Every structure is written in structure tokens, then in C-alpha cells.
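[1] Starting from these lines, generate the structure:
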Amino acid sequence: MNLIDLQIQSSVSDGKYSPRELVIMAHDMRLTTISITDHDAVQGVSEAINAGRELGVEVISGIELSVDFHGKLLHILGLGIDVEDRALTAMLAKAVQDREEGAIEMVRRLQEEGFSVTLEAVRSETHGGAIGRPHISEAVLKNPENREKLGSIRSMHEFIQAYLVEGKKTYVFREFPSAEKGIEVLHGAGGAAVWSHPAIHYAAVDAIESDLKKLISFGVDGVEAFHPMYGEDQTEYLLGKAKEYNLVVTAGSDFHREDDGYHKKDGGGSLASYSTYGFSTIDIIPKLKERISSIRKNRDSVSRSQRV
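    Predicted coordinates:
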């Protein structure tokens, strides 16, 4: 039985459940340690930590940061971060603004394409969180006036692929901080920077290494070695590279919501729903905490030397 889950999305970004609800789910499943890693958002961390204290579930502060890596979008998990760090909050404030401006433009373009959708309907799907493509999709799909225009499209995933990905005229590209800058900011916030689900982006595992080396040169601390979309060869490969390059490893479900046929699951269909293929996960949390402690000591040492 898996006991940890270090990648979970809540309703603060594009997940279904609130941070507290996710902690309750983790408690009911007897998980020991989790992290809520919303996309470019940390507003749910305090709620999750407080619920964890109440229910006896350890909650490590987290985020899934969107970064630009040589022209392609990459996700970096920040684990053990100070959610009130100034540089981090400034970066996230810009991300929220960019998301908002992009959403407004995508809604306008969809309207030009003949879809019945309003910004107000999109906002109602966020439950107070940041706007994302899933929320735009939900607003379009729920409006019966769009049924004929949608044709065979029935799920959120299908709509995003048809209208809200790069190359589609209704999609709006937004700029992301560089991977190097993102890792620097996460370290400044006292957290470990972990490459999120690296294996799902490559047709062959051997293709991962060149990009991994570049990220290591930027200071990345680890890789997500356990994920629901991995096969045994991918997990084994990432564990081997982590050992070779002295990286920490993490395990996460990437849970957003259950797969109900309407929402194509973005990751696992439940918390901690990754396969270990017989590999041990017992050292993940101790080694992660050790790395976080080292990052904070180094950060504080640099800060003291700069004040002298």
C-alpha cells in the first residue's frame, strides 16, 4: 500500500476537491505524508497544513511551477517552500495576471468561433481559484447552446486538445519564467525543486538524460520517479539516474479528480495511485527532508554573507 503522495492538485488550481477535502481523503486512505501542489498557486497550502495537523496527516508545503525550458513548457515541483517568500509571491502574482489576461482573450476568441461562453461562467468554475484551460472548457461544455458546435466533443480533455493547445487559433500563449529562474526562486523560498513527471514527455527513456543534465546544471534537486502514467522501465530508469546524479526522488499521483468519462483523468484516478513495481519508497520522505534542510542552510549562509 502506498503511503505518500507528493503531487496533488486542488480546486485552488484545476483540481476538483478543496485542500481540506484532499487531506480528509488522505486520512481515510491512511496516507502518512502528502503535498498539495497546485499550478502556480499556494493559496491552499495553509488550509491543507491545518487540516493535516487536525487529522494526523503530514502536509509538506508545495507547488507545481510552470517554467520555460528552451521553448517548451515544463513543470517543476517545489516542495518544502515558504509560501510567503517575497520572490515566489511576486512570480506567482505575475502568473495569475498572465493567466487572467490569457483567459479573457481565449474566451473572446472562442466567442468569435461561435461558442456561447462568458468570462463570468468561466469564473464560476474556478471556485475562487486561478483561471485555467479546464475551467474554460467546463464553461463551454456545460452550456447546452454549444452542443451542435461541439459535434463529437464530449470531454474536457477533448475540448482542450481541439481548441486550447499551442497551434490552435483560439489558444493564447503566455510567457513563463525560465527553468533556471524558477529553480532559483524555489531554492530562495527554501524548497527542493523536483522535475515533475519527466518520463511522460518522451517517447523513449534514453531521451530524458540530456534535458536532465541541463536541469541539473540549473540546480534541480530531484525527479518524480513514481507516477501513474509510468511503466516499470520508466520508473527504473529514473531511479537509476537519480542514484547516478545524487538526486532525490518523489512519488505522486498527479490526482485532479476521478476519471468519470467526462473528465479524462490528468493523472491518477485516486490519491497515491502510482505503481512502485516492487521498488522501495521508504526513503523518499527522509531524503527529501534532508535535501530541503541542506537548501535552507545554504540559503541562510548566503544571506548572512551578503549582509556582512
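[2] How about the contacts made by G190?
    Residues near G190 by C-beta atoms under 8 Å, 6 or more residues apart in numbering: G80, I81, D82, D85, I292, I295, R296, R299. In this view, the C-beta of every residue, glycine as well, is placed from N, C-alpha and C.
[3] Now, those that are in helices?
    Secondary structure assignment (DSSP state H) places I292, I295, R296, R299 from the contacts of G190 within helices.
[4] Out of these, who's the most crowded?
    I295 (22 neighbours; other C-beta atoms under 10 Å).
[5] Need the pLDDT of that residue.
    With respect to pLDDT, I295 scores 98.
[6] Excluding its own residues, what touches the helix or strand hosting G182? List them.
    Secondary structure assignment for G182, by DSSP states H and E: helix 179-188. Around helix 179-188, the neighbours that count as contacts under C-beta under 8 Å, 6+ apart are 63, 65, 67-69, 74, 76, 78, 81, 85, 87-88, 91, 176-177, 192-193, 215, 218-220, 295, 298-299.
[7] again, only using 6 Å
    Taking contacts as C-beta atoms under 6 Å, 6 or more residues apart in numbering, the residues outside helix 179-188 that touch it are 65, 67, 69, 74, 76, 78, 87-88, 91, 193, 218-220, 295.
[8] need the contact list for the one residue sitting closest to the centre of the chain.
    In the chain, the residue lying closest to the centroid (C-alpha atoms, centre = their mean) is E64, at 3.4 Å. Residues in contact with E64, defined by C-beta under 6 Å, 6+ apart, are T37, H39, H75, L77, S196.
[9] Including pLDDT, could the residues you listed go into a markdown table?
    Below are the contacts of E64 laid out as a markdown table (pLDDT from 0 to 100):
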| residue | pLDDT |
| --- | --- |
| T37 | 98 |
| H39 | 93 |
| H75 | 97 |
| L77 | 98 |
| S196 | 98 |
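[10] Among those residues, name the ones in strands.
    Using DSSP state E, the members of those that fall in strands are H75, L77.
[11] Specify which member of the contacts of E64 is nearest to S270.
    Closest approach to S270 among these (C-beta to C-beta): T37, at 16.3 Å.
[12] Hmm, S61 and the closest one touching each other?
    No - under the contact definition of C-beta atoms under 6 Å, T37 does not touch S61, with a separation of 9.4 Å.
[13] Just the strands from the stretch 101-250 of the chain, written as ranges.
    For the stretch 101-250 of the chain, applying DSSP state E, counting those that start in this stretch gives strands covering 192-195, 222-226, 248-251.
[14] neighbours around E145, how many?
    Neighbourhood size, E145 [other C-beta under 10 Å]: 11.
[15] actually M29, sorry about that
    Counted with other C-beta under 10 Å, the neighbours of M29 add up to 17.
[16] Ok, G71 next?
    5.
[17] try S18
    Residues within reach of S18, counting by other C-beta under 10 Å, total 20.
[18] can you count the residues close to the closest residue to it other than its chain neighbours?
    Here the nearest residue to S18 in space, its sequence neighbours aside, is S11; by C-beta to C-beta, 6 or more residues apart in numbering that works out to 5.2 Å. When counting by other C-beta under 10 Å, one arrives at 21 neighbours for S11.
[19] check contacts around S11.
    Residues touching S11, when contacts are defined by C-beta under 6 Å, 6+ apart, comprise S18, H127, G129.
[20] Look up how far I216 lies from it.
    With the distance defined as C-beta to C-beta, to the nearest Å, S11 ends up 34 Å from I216.
[21] now I208
    I208 is 12 Å from I216, where distance means C-beta to C-beta.
[22] Could you check which of the two has the larger neighbour count?
    For I208 and I216, the more surrounded residue by other C-beta under 10 Å is I208, and the numbers stand at 19 against 16.
[23] Residues in contact with stretch 207-223: which ones?
    The set of residues that contact stretch 207-223 without belonging to it, under C-beta under 6 Å, 6+ apart, is 179-180, 183, 192-195, 198, 202, 238, 242, 245, 247-249, 291.
[24] Try it again at 8 Å.
    Among residues not part of stretch 207-223, those counted as contacts by C-beta under 8 Å, 6+ apart are 69-70, 76, 179-180, 183-184, 187, 192-195, 198-199, 202, 237-238, 241-242, 245, 247-250, 288, 291, 295.
[25] for it, what is the average pLDDT?
    The average pLDDT for stretch 207-223 rounds to 97.
[26] go on, stretch 4-19?
    Model confidence over stretch 4-19 averages 93 on the pLDDT scale.
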